[in-house]
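Undergrad: Return atomic coordinates for the entry below.
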Amino acid sequence: MLIEIKSLSKNYVMGEVEVPALIDINVHIKQNEYVAIMGPSGSGKSTFMNILGCLDTPTTGQYIFNKTDVSSLSDDALSAMRNKEIGFIFQNFNLLPRLNALQNVELPLVYSGIKSEERRERALRALDRVGLSDRIHHKSSEMSGGQRQRVAIARALVTNPGILLADEPTGALDSKTGDEIMVLFDELHREGNTIILITHEQEIANYAHRTIHIKDGMIHSDKANSPR
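TA: Residues are numbered from 1 along each chain as shown. Presented below is the predicted three-dimensional model:
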C-alpha cells in the first residue's frame, strides 16, 4: 500500500474555539491508482490535500506514505519528503516568470543538490515527455496556458515522485485545453504514475478511476468510477 490514512483528524484553533476540518478519515491508496478527491468549498478537501502533500500535519491519527509515518516527521523531514516524493501541479502553474521552461523544470533538482549536467538531462527528458522540446527556452509569458501547465507537469515529473498531486489542474484553462491536459494525465497514469486529483468538477473527476467525496470534513463516499 502506497498511502494509508488511519483515523486522521485535523483541527484548527480559531481564537478560543477549536474547529474540526477533517474528522476520522480512513483512506488507502495503492501504487498506480488514479484518484479524484471532490468536495464543495469548505468541505475539507484542501486540508486533506495539504496533508497528503506534506504541507500540513494531522492533529490526530496517522498518514503513512510508502511505509513512512509522515504524521511524526519533523519540519525538515517533511520538506525532504515533499521534494523527493510529491510532484505538485497547481491551478495557476506557479512558474517563476524570470526563468525559462527548462530552468523552471530544473528547480526541484537544484533544491535536491543534483549536479547541473544531470539536472539539464532530466529536465529535457521531462519536457520532451509533455511535448515541449521546442519550448525549452521560452518564458511563461511567451507560452499559452496549456503550455505553462505542461511545464508545471514536467517540473512535477522531474524528481520521479511517488505521487503526482494535482490541485484543480484545469481550473485556469479553457475546456479544450483542459481536455488535452487530462488526456496527458491518462497517459502518465498508463505509464505507472500514481495520480491524486483535487477538483470540484465532476467532468474532471470522471477521468480518474476512483472518486472520494469529502463533505463536512468526513468521507461521504469512496467508489470506483464507471469507465469512460
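Undergrad: In three-state terms, label L55 for me.
TA: Here L55 is coil, with the state taken from DSSP: H, G, I helix; E, B strand; the rest coil.
Undergrad: what about the nearest residue to it once chain neighbours are set aside, which helix or strand?
TA: The shortest distance from L55 to any non-neighbouring residue, by Cβ to Cβ, 6 or more residues apart in numbering, is to R82 (7.2 Å). All C-beta atoms are positioned from the backbone trio N, CA, C, and that covers glycine. Taking DSSP states H and E as the definition, one finds R82 inside helix 75-85.
Undergrad: Go through that helix and flag the buried ones.
TA: Within helix 75-85, the residues that count as buried by 16 or more other Cβ atoms under 10 Å are L78, M81, R82, N83, E85.
Undergrad: Tell me the one among these nearest to T68.
TA: Distance to T68 across those (Cβ to Cβ) is lowest for M81, with 7.3 Å.
Undergrad: Please name the residues that touch the residue nearest to that closest one when sequence neighbours are not counted.
TA: Distances taken as Cβ to Cβ, 6+ apart place C54 nearest to M81, at 4.9 Å, with adjacent residues excluded. C54 makes contact with F65, V70, L73, L78, S79, M81, R82, E85, I86, according to Cβ atoms under 8 Å, 6 or more residues apart in numbering.
Undergrad: Between which two of these is the distance greatest?
TA: Farthest apart among the contacts of C54 - using Cβ to Cβ - are F65 and S79, which lie 14.1 Å from each other.
Undergrad: center of this protein, which residue is that?
TA: L165 (1.2 Å; Cα atoms, centre = their mean).
Undergrad: Next, it: phi, psi?
TA: phi -110, psi 110 (degrees, to the nearest 10).
Undergrad: ditto for E191
TA: The phi/psi pair for E191 (degrees, to the nearest 10) is phi -80, psi 0.
Undergrad: Next secondary structure element downstream of the helix holding R82?
TA: strand 86-89.
Undergrad: what lines up beside that following strand in the sheet?
TA: Sheet pairing for strand 86-89, assigned by DSSP bridges, gives strand 163-167 (parallel).
Undergrad: Can you give the contact residues for the strand it pairs with?
TA: With Cβ under 8 Å, 6+ apart, strand 163-167 has contacts from 2-3, 49, 52-53, 85-91, 153, 156-157, 185, 188, 193-198.
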